[in-house]
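# need a 3D model of the sequence below.
(one chain, ligands or ions: 1)
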Amino acid sequence: MPRIAYVNGRYVAHAEASVHIEDRGYQFADGVYEVCEVARGYIVDMKRHLDRLDRSLRELSIAWPMNRAAMEIVILEVIRRNRVKNGLVYLQVTRGVASRDFLFPAGTRPSVVVTARKVDPAAAAKRAENGIKVITVPENRWDRVDIKSVGLLPNVLAKQKASEAGAQEAWFIDADGTVKEGGSSNAWIVTGDGALVTRPAEHGILRGITRTTLLDVAAKLGLRVEERGFTVAEAKAAREAFISSATTLAMPVVAIDGAPIANGHPGSVVLSLRQAFFDIAEKRPA
Ligand code: PLP
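This next block holds a predicted model:
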């Protein structure tokens with residue numbers, strides 16, 4: 001079955017889907033995106049993802065390419081046309097097509113692309129059983145990583161470096177030695193006395209939707225949460241470490257820079273968060 005993409009008002013074959021060479025997303029990374037999980041035939045946390053899209057667009061003074069209700073219909077239609085029951089939806093909005101000039105173009109319509117793809121849930125479960133390895137890299141991104149912009153070159157380089165080191169994620173480390181977040185995920189640890197620790201999202205990291213929902217899950221499970229910075233040394237000595245994102249959910253980290261976390265196996269707290277996540281997240285039939 002051919003994959004279908006939505007591009008600026010049309011549903012087109014994925015293989016032939018394209019945007020103009022002077023799209024500002026292509027030339028300036030002048031755009032934003034969202035990735036939502038689809039699980040068991042439901043789109044997960046769509047409201048929170050669209051709320052964050054709204055914020056990202058406002059921060060960059062990019063207009064919505066259509067109203068929010070229409071965007072929801074397009075997202076669900078792309079999932080339907082691609083018959084995705086478990087997988088991901090990707091949605092990108094850029095400032096649009098204009099003759100190359102740094103200043104915002106007048107009267108340009110934003111460009112929008114929505115794609116969806118299937119992911120094998122058994123493969124994701126297997127990854128969670130084994131856990132992942134992370135490396136650490138110095139923070140080298142701009143100050144506005146709270147905006148989910150498509151300008152991801154430092155993240156690309158960091159994740160490539162992780163892959164070449166046999167790891168699956170790179171954690172950006174602040175000048176003060178604290179962990180900021182992963183190249184495409186938020187970072188967490190579980191302390192010796194069972195508290196969940198993750199960096200506050202007010203500044204310097206993306207406020208992950210999975211992170212927000214995991215805070216709800218933690219409250220439901222009666223787990224103590226400390227929103228504060230933690231150092232690499234504290235993470236290496238932690239009882240558990242994990243990452244969170246819409247593509248990985250709560251995913252155990254079993255080694256940091258080659259040093260095993262605890263006994264080098266996924267911990268029970270992250271696995272219980274992972275298990276309870278779907279029940280507590282917002283679900284819309286897709
Ligand atoms: N931090 C960064 C830099 C990301 O790119 C992502 C997701 O892509 C996240 C955190 C996690 O966000 P979410 O849980 O909304 O997927």
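
# near the ligand, which residues of the stretch 151-286 of the chain? Just list them.
For the stretch 151-286 of the chain, the contact set with the ligand under C-beta under 6 Å from any ligand atom comprises 181, 184-186, 206, 208-211, 244-246. C-betas here are computed from N, CA, C, even on glycine.

# leaving out chain neighbours, which residue sits closest to residue 46?
residue 284 (5.4 Å; C-beta to C-beta, 6 or more residues apart in numbering).

# from residue 275, how far off is the one you found?
Distance from residue 284 to residue 275, counting by C-beta to C-beta, to the nearest Å: 21 Å.

# got it, and residue 138?
Distance, residue 138 to residue 275, by C-beta to C-beta: 35 Å.

# tell me which of these two has more neighbours.
Higher neighbour count among residue 138 and residue 275: residue 275, with 14 against 10, using other C-beta atoms under 10 Å.

# please point out which parts of the one helix or strand the more buried one maps to sit buried.
Assigned by DSSP states H and E, residue 275 falls within helix 268-280. By neighbour count with 16 or more other C-beta atoms under 10 Å, helix 268-280 contains the buried residues 269-271, 273-274, 276-278, 280.

# over to stretch 91-103?
Applying 16+ other C-beta under 10 Å to stretch 91-103 flags 91-98 as buried.

# so residue 104, which of the three states?
coil (DSSP: H, G, I helix; E, B strand; the rest coil).

# where does this structure dip in pLDDT?
Applying pLDDT under 70 to the chain flags no residue at all.

# give me phi/psi at the closest residue to residue 85 other than its chain neighbours?
Counting by C-beta to C-beta, 6+ apart, residue 41 is the residue found nearest to residue 85 once chain neighbours are left out, at 4.9 Å. When read as degrees, to the nearest 10, the backbone of residue 41 gives phi 80, psi 10.

# residue 269 contacts residue 189, correct?
No - using C-beta atoms under 8 Å as the test, residue 269 is too far from residue 189 to be in contact (9.9 Å).

# nearest to residue 193, of the buried residues of helix 268-280?
Residue 193 has its nearest neighbour among the buried residues of helix 268-280 in residue 269, at 11.6 Å by C-beta to C-beta.

# residues in contact with the closest one?
With contact set as C-beta atoms under 8 Å, 6 or more residues apart in numbering, residue 269 has these partners: 190, 194, 196, 223, 239-240.

# assumed residue 234 was part of a strand.
No - according to three-state DSSP, residue 234 belongs to no strand; its state is helix.

# isn't it up against residue 187?
No - counting by C-beta under 8 Å, residue 234 sits too far from residue 187 to count as a contact (11.4 Å).

# okay, these two: which has more neighbours?
residue 187 (27 against 16).

# SS state for that one?
strand.

# run through the bridge partners of it.
residue 243 (DSSP bridges).

# list the contacts for it?
Residue 187 makes contact with 171, 179-181, 198-199, 235, 241, 243, according to C-beta under 8 Å, 6+ apart.

# what is the most widely separated pair among those?
180 and 241 (14.3 Å).

# more neighbours: these two, which one.
Applying other C-beta under 10 Å to residue 180 and residue 241 shows that residue 241 carries more neighbours, namely 29 against 18.

# the residue nearest to the more buried one when sequence neighbours are not counted sits in which helix or strand?
Leaving aside its sequence neighbours, residue 241 sits nearest to residue 253 (C-beta to C-beta, 6+ apart; 4.0 Å). If you go by DSSP H and E, residue 253 is part of strand 249-256.
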